[in-house]
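Visitor: Build me a structure from this.
(chains A and B)
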Amino acid sequence: MSSNFLVSRVLQSLVVLAGLTFLVFALVRVVPGDPVRLLLGDQATPEQIEQTRKDFGLDESIIVQYGYFLGDIARGDLGTSLRQRQPVTDLIRDALPSTLKLALASIGLSVGIGVPLGILTAVKRGSAIDSVVMSATLFGQALPTFWWGIVLITIFSVSLRWFPTSGSGGWEHLVLPAVTLSTYVLALIVRLTRSAMVEVLTQDYVRTARAKGLSERVVLFGHALRNAAIPIVTIIGLQFGNLIGGAVITETVFAWPGIGLLALNAINSRDYPLLQAIVLLSAVTFLTINLIIDLLYSMLDPRIRHG
Amino acid sequence: MTDPIEQGFQRLSTTRRKFVTATGLGLGLSVTAPGAFGALSSSTAGAQESSELLFGVSSDPVSMDPRVYPVTIGFSILRHVYEPLAFRNDAMETVPVLAESWERIDDLTWEFKLRQGVTFHNGEEFNAASVQYTIDSLLSGENSWVNPQFGGYIAVIDEVEAVDDHTVRIHTSTPSNALVANLTLIGMLPPVAAAEAGEDFTNVAVGTGPYRIDEYVANSHIALTTYEGYWGDPPASSQITFRILPEDATRLASLEAGEVHVVNNLPIDALSRFEESDETQVLSMPSNRIMFVGWWNDKEPFTDIRVRQAFNHAIDKETINAALFGGLAQIATAPIHPSIRGYTEMEPYAYDPELARSLLAEAGYGDGLDIAFGYPTGRYLMDRQVGEAIVGMLTEVGINVTPETAEWGTFFNNRADLKYDAWLYGFGANTMDPDFALQWFWRAPAAGGNYDNPEVAELLAQADAVADIDESTALYQQAVEIIWNDAPWGFMYFQPDVFGASERLSGFAPRVDEYFLLFDAEVSE
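Guide: Coordinates of the predicted model:
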């Protein structure tokens, strides 16, 4: 990998990011609703509304507001939440660890189970195991998160009392939300791993490797999986990016105090600065992960040369 | 006994704000440094676990500074921490809290004798300066983090004069009987710590209440512990944890799994499940929150009283109450709740679709009337269902209804932007004072649909001003009668406040003013 590639990819990401700031800024303002009216309620006088709008800088033109927004970002200031009246960076810093924990647990679960299952079903293609797992993944991808979360709570918290219904804390709090969240991703990874492996396993070099007398283990993990890894790594990265943006439904169902709940509250109260910051965080995560995946490609597959 | 789930809960390892307040250590030490975050040790449940009360609450109170976000749930939770000068007892009578007594000494002046020997959780003494600081901080307009709604409650105040350390005179711009009731919404703050912290006071959060805040993790929980230096009787439970559980199904599951002892906003469709179970009970009471169909009284077709009467006769309140609330709501017999001063029992507009149709015909709308009707989703108890029922009932009498439903933020804006001709709305008079409860009929008319009757405005202004309370009450009664007969709203019902609780919970009951107060609540073994 040349350093030119790295530099150009980083520059590209920065250009995308600049465009994104405007998109983010505009998007949150397109949502119908007025944060000032919502905050001041029914008894507010027109003068109070006007004054508060002024205090929040919402009386300026959109372009001027955008200018301030960019200036603030450059100084590392993402503004103050209109509802909580606390720095947005503090609110995100408080919520991010919860979301990270949940995202890592779900991705860990999905990859830890999904990749081996994908390999197994690819190797045992057409077998009973394959059919059962493939049907299960179809089911897993079709389950509505909200409903699935409630079902898990009803069975494992209310009836069996194995895990707490909700809240964050020890590992036992993590189990149900992580399972809920990873069900879809797990199913996706199984299916993707299986199809990638199936494709690779029919390649000449795999036949050659087997003909050389390499053990099945080396063939599978050393040759086949490595070549099948690119789509798998891509999807893992993208799903992780998704989860950092906040698993709104899962976090709401399980009262998990992460970015998703923060985002939901920000949307409900039209808290522009907070919402902007969360969308921006999500976008930056996505861009960063994409960048890392791009860089990983060339390590995984030397044929992909960037120059 | 603490079960493993609770123990797990106490081992929370997310970042959090931990409130370190120590009585008698002096101000410098007792105030948490703003921004002192990080993984901290478990909360101090250990010694008194047996009297911990866990409350599953449906939304986050947003701030621990009582000046930031006026919302019913926040008022209730923070009432355990901050105390007003006066408050209402269970019978809704105004009783002393931080003031020992008060008196209206002339038209524009109220004098309050303050309770002595009261300290804030950080050791600061409560005195006249606290009252001055608290009220000034709401009215000065200089504190950007203070929500103007709080200043609005006490806008009538001109000046707070400290006569001595424990006597204050509050001077008002106009004579106001409602002042004491409005002050029940204002929790007193420690001037030194609060002024020093500014907008970071949410991280300091010390009041004079029987509980101090041990920990607040946004969207997760608020842990309260008894304040040893409390001036009054110690509360029944030594700890209260409010767990924030926004999703109805999860909140109910937490109650069923025994993780919390009581939950608010019990959905009506879950009533029988919790009533029939041996382990749970349902606690319910019609609150003072009146639900009504609003419309623009100054716009066609509602300028015609026959149309307003027709709408009132078209809505079948009894059926809505029976079918959607299991009979727990209370049909409105006045624009204010019977427990508010000035209430006069009026004859409800009977459900009579025939009469409604003929009234509409008389008003010239016999061939139909087009109405855009808006109703929110997720704001009031059963709001979507009530909205749908109203649409059906209006259609029944020949009104051509275009239903529009939206989440609160959009609904609120659409209504203010005149996008609906009529809408479903609710109003809770949390001070239980007639001046507050009737303000949408004169002082803040936009929210009530621009009802404008100079006679009513005059009566209401006088009623708040006259010093003689009986005279004031009679004036309110006159106004209530006129308003009811003018039919400026489609009067419906008082919304029930419904809680689900463990059978083991005692000492807790819902209140008409929608507060949930846990001072006497405890859980038996």
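Visitor: Contact residues of the stretch 251-400 of chain B facing chain A?
Guide: B:253-254, B:256-259 (C-beta under 8 Å from any C-beta of the partner chain). Bear in mind the C-beta positions are built from the backbone N, C-alpha and C, glycine included.
Visitor: mind putting the residues you listed in a markdown table, secondary structure, pLDDT and neighbour count included?
Guide: Putting these into a markdown table (DSSP: H, G, I helix; E, B strand; the rest coil; pLDDT from 0 to 100; neighbours: other C-beta atoms under 10 Å in any protein chain shown) gives the following:
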| residue | secondary structure | pLDDT | neighbour count |
| --- | --- | --- | --- |
| B:Ala253 | helix | 95 | 24 |
| B:Ser254 | helix | 96 | 28 |
| B:Glu256 | helix | 94 | 25 |
| B:Ala257 | coil | 94 | 22 |
| B:Gly258 | coil | 93 | 18 |
| B:Glu259 | coil | 95 | 23 |
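Visitor: Any idea what B:Thr405 is bridged to?
Guide: With DSSP bridges as the criterion, B:Thr405 is bridged to B:Tyr375.
Visitor: and it, what pLDDT?
Guide: With respect to pLDDT, B:Thr405 scores 95.
Visitor: and if you look at B:Glu196?
Guide: pLDDT, B:Glu196: 96.
Visitor: Quick one: the helices in the stretch 151-300 of chain A, in order.
Guide: A:171-201, A:204-211, A:216-217, A:225-244, A:248-253, A:259-268, A:272-300 (DSSP state H, counting those that start in this stretch).
Visitor: Compile those into CSV and extend it with columns for mean pLDDT, mean neighbour count and distance to B:Phe112.
Guide: Formatted as CSV, the entries for those read as follows, by pLDDT from 0 to 100; neighbours: other C-beta atoms under 10 Å in any protein chain shown; distance: least, C-beta to C-beta, whole Å:
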stretch, mean pLDDT, mean neighbour count, distance to B:Phe112
helix A:171-201, 92, 22, 47
helix A:204-211, 84, 13, 87
helix A:216-217, 82, 10, 83
helix A:225-244, 84, 19, 53
helix A:248-253, 92, 24, 44
helix A:259-268, 92, 24, 37
helix A:272-300, 86, 19, 39
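Visitor: For B:Ala479, find the nearest of the ones you listed.
Guide: helix A:259-268 (35.7 Å; C-beta to C-beta).
Visitor: right, quick check: that closest one against chain B, any contact?
Guide: Yes - using C-beta under 8 Å from any C-beta, helix A:259-268 comes into contact with chain B via A:261-262, A:265, A:267-268.
Visitor: quick one, phi psi at the residue in the stretch 201-307 of chain A that chain B sits nearest to?
Guide: Proximity to chain B, evaluated over the stretch 201-307 of chain A using C-beta to the nearest C-beta, is greatest for A:Pro257 at 3.8 Å. Main-chain torsions, A:Pro257, degrees, to the nearest 10: phi -80, psi 60.
Visitor: buried set for stretch B:446-462?
Guide: Neighbour-count burial for stretch B:446-462 flags B:447-451, B:453, B:456-457, B:459-462 (criterion: 16 or more other C-beta atoms under 10 Å in any protein chain shown).
Visitor: Now do the SS call for B:Ala334.
Guide: coil (DSSP: H, G, I helix; E, B strand; the rest coil).
Visitor: who's in contact with it?
Guide: By C-beta atoms under 8 Å, 6 or more residues apart in numbering or on different chains, the contact set of B:Ala334 is B:343-346, B:480, B:484.
Visitor: Surely A:Leu91 is in contact with A:Leu82?
Guide: No - with contact defined as C-beta atoms under 8 Å, A:Leu91 does not reach A:Leu82; the gap is 11.6 Å.
Visitor: hey, what's in contact with both of these two?
Guide: A:Leu274.
Visitor: Can you give me the domain assignment for chain A?
Guide: Domain assignment of chain A by automatic domain parsing yields the ranges A:3-74, A:88-268.
Visitor: Now render those domains as a markdown table, adding distance to B:Arg357.
Guide: Putting the domains of chain A into a markdown table (distance: least, C-beta to C-beta, whole Å) gives the following:
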| stretch | distance to B:Arg357 |
| --- | --- |
| domain A:3-74 | 33 |
| domain A:88-268 | 40 |
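Visitor: Nearest to A:Ile150, out of the helices of the stretch 151-300 of chain A?
Guide: Per C-beta to C-beta, nearest to A:Ile150 of the helices of the stretch 151-300 of chain A: helix A:248-253, 6.5 Å.
Visitor: count of residues packed around the residue nearest to B:Asp164 when sequence neighbours are not counted?
Guide: Nearest-residue entry for B:Asp164: B:Ala128, 7.0 Å, with adjacent residues in sequence omitted and distances by C-beta to C-beta, 6 or more residues apart in numbering or on different chains. Using other C-beta atoms under 10 Å in any protein chain shown, B:Ala128 is surrounded by 19 other residues.
Visitor: how close does B:Ala128 sit to A:Thr89?
Guide: Shown here: B:Ala128 relative to A:Thr89, a distance of 39 Å by C-beta to C-beta, to the nearest Å.
Visitor: Report how many residues lie close to whichever residue of the stretch 101-250 of chain A sits closest to chain B.
Guide: Here the stretch 101-250 of chain A gets closest to chain B at one residue, A:Gly170, 4.1 Å apart by C-beta to the nearest C-beta. Residues contacting A:Gly170 under the criterion other C-beta under 10 Å number 18.
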